[in-house]
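> all I have is the shape, not the residue letters:
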C-alpha cells in the first residue's frame, strides 16, 4: 500500500485595495492555489467554508475592520417562488438551455463585452480581453460547465453562466447576459433555472458568491427565499437582511487572520492503494 499525503495548501493574503461594494473601505482576500489531484476535494471542502473559485485560485474576504461580504447560498429545499420570480420564469420560458464543457467561444466573448460595457463599465473586469476571458472560462481544475441560454428561433445567445458542480450543489461562478434584455430579469432567471437543475440532480444548494447586506448591487440575492450566509464559521438562515447590514462594520466583527486560517477545516487525507 502506498500512502499519498497531499501537501497542505498554503494560504496568503492580498494587499488592501478599494472595495467595489462599499465606498471608502478597503478589502483584502485570503486565498490559496487550487491544483493537483486533490483539487476537487479541496474545492468542495473550502466552498462549504465560504470560499469562491476564480480559475485555479480559491479566495475568501478577510478584511480587518469589516465583515460585510458574506458567502451566500440557497437551500433548495426551502426555496419558494415569489410572484416576481414567477413572472421572470414566464417571461424567459421560451429560452433553450444547453450545458457545454468549459470552452470559450467568440459568441460568448461578444456577449460578455456588451454586458460589461452596459452594466459594469467601471468595474474591475472592464478591461478584460479575449485571452483573459478564455482563461476565466477554461482554466478550471475541477468539474465545470458553461450553461448557455439561447433564443430557439434564431439560435442567438442571450445569457451565460459559468457553473461549477460541487458535491453538495452548483456554484454560479460568473453570469452575464444581453443588456438589451435587461428588463427580462435574466440574472434572476438563471438562478431560478439553476435551482431547477439542482433539484433534478438531487443537489441541496446553489452557491451565489458574496452578498453584501445593504449594497444595492447585491439586493437581488436577499430576494431569494431559503437564503443562507456563512457567518462566523457556520451557515445561518437569513431571515432579516437588515440585521446583518447593521452589525457588519463592528470593530470586532472580523477575527485576526491567523485565527481565520487556524479555523479552516481541510479535507481528510486518506491513504490510497497503489
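Thanks, I have it. Predicted model, so just to flag it, every value in this text is computed and none were measured.

> list the buried ones in stretch 156-165?
In terms of neighbour count (16 or more other CB atoms under 10 Å), stretch 156-165 has its buried residues at 157-165. For every residue, glycine as well, the C-beta is placed using N, CA and C.

> and which of the residues you listed is nearest to residue 267?
Nearest to residue 267 among those, counting by CB to CB, is residue 164 at 16.3 Å.

> give the contact list for that closest one.
Contacts for residue 164 (CB atoms under 8 Å, 6 or more residues apart in numbering) come out as 43, 47, 53, 140, 142-145, 170-171, 173.

> picking that back up, and the buried residues of stretch 156-165, which of them are in helices?
Nothing among those maps onto helices, per DSSP state H.

> redo the residues you listed as a markdown table? Include pLDDT and distance to residue 97.
Below are the buried residues of stretch 156-165 laid out as a markdown table (pLDDT from 0 to 100; distance: CB to CB, whole Å):
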| residue | pLDDT | distance to residue 97 |
| --- | --- | --- |
| 157 | 98 | 12 |
| 158 | 98 | 11 |
| 159 | 98 | 10 |
| 160 | 98 | 11 |
| 161 | 98 | 10 |
| 162 | 98 | 14 |
| 163 | 98 | 11 |
| 164 | 98 | 17 |
| 165 | 97 | 15 |
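
> for the helix or strand hosting residue 98, name the packing helices and strands.
Per DSSP states H and E: residue 98 is located in strand 96-100. Under the contact criterion of 3 or more CB pairs under 8 Å, 6 or more residues apart in numbering; DSSP states H and E, strand 96-100 touches strand 144-150.

> got the contact list for the strand it packs on?
With contacts defined as CB under 8 Å, 6+ apart, strand 144-150 is touched by 92, 95-103, 108, 137, 156-165, 173, 177, 186, 189-190, 193-194, 197.

> all helices of the protein, in order?
In the chain, the helices defined using DSSP H lie at 39-47, 83-92, 106-119, 130-138, 186-201, 241-247, 257-262.

> which parts of the longest one are buried?
Yep, that's helix 186-201 we're talking about. Burial within helix 186-201, assessed by neighbour count using 16+ other CB under 10 Å, is assigned to 186-195, 197-198.

> re earlier: what's the closest of the buried residues of stretch 156-165 to residue 38?
Within these, the smallest distance to residue 38 is 15.7 Å, found for residue 164 (CB to CB).
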